[in-house]
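Asker: Structure for this input, please:
(one chain, ligands or ions: 1)
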Amino acid sequence: MSEPSFDERELILELFPGTDPDLLPPGEVLYYRDEDGKVHIAEEPLEMVLEPLEATPSTAPVLCEACLRQMSRASVQFFRFSVGPSGRRWRYLTLCRDTAQCNGLAEPRRLRELLRRSIISDG
Ligand SMILES: [Zn+2]
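Answerer: Numbers count the residues shown, from 1 in each chain. Below is the predicted model:
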């Protein structure tokens, strides 16, 4: 029923019209935390950098938006990322603190959906 309105390749070509389709990757999505604590989700040529935020007080379980597990509040972290070409708008995501473990459980398709959010400002 929910037919995708575009796929990743079309989206990339729309944003980077010069991209040779043969150069588009078959789809290894990188998802890792760097030494500064920022989380990266990347699939060439797109990269999303997620900046960790201070915890907000809550005890309710929280859904990790990458692996889609219900996690205890202590096991997740809130992040923000800039949206759109200007990078002036912020949006927010909740992800596991343990990025390596989360990466093992998150589906590449799901990570691509998150990556799209950094380039589409749909409110
Ligand atoms: Zn997770």
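
Asker: Distance of the residue lying closest to Leu105 once chain neighbours are set aside relative to Ser86?
Answerer: Sequence neighbours aside, Cys67 is the residue nearest to Leu105 in space, at 3.9 Å (criterion: Cβ to Cβ, 6 or more residues apart in numbering). (Glycine included, C-beta is placed from N, CA and C.) Going from Cys67 to Ser86 by Cβ to Cβ, to the nearest Å gives 30 Å.

Asker: ditto for Asp36
Answerer: Asp36 is 23 Å from Ser86, by Cβ to Cβ.

Asker: got the residues of this structure near the ion?
Answerer: 64, 66-67, 96, 102 (Cβ under 5 Å from the ion).

Asker: Could I get the full set of helices for the chain?
Answerer: Assigned by DSSP state H, the chain shows helices spanning 8-15, 99-105, 108-117.

Asker: tell me which residues of stretch 60-80 are tucked away?
Answerer: For stretch 60-80, the neighbour count (16 or more other Cβ atoms under 10 Å) marks 62, 64-67, 69, 71, 75-79 as buried.

Asker: Redo the residues of the chain next to the ion as TSV? Include pLDDT.
Answerer: Putting the residues of the chain next to the ion into TSV (pLDDT from 0 to 100) gives the following:
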residue	pLDDT
Cys64	96
Ala66	97
Cys67	97
Cys96	96
Cys102	96
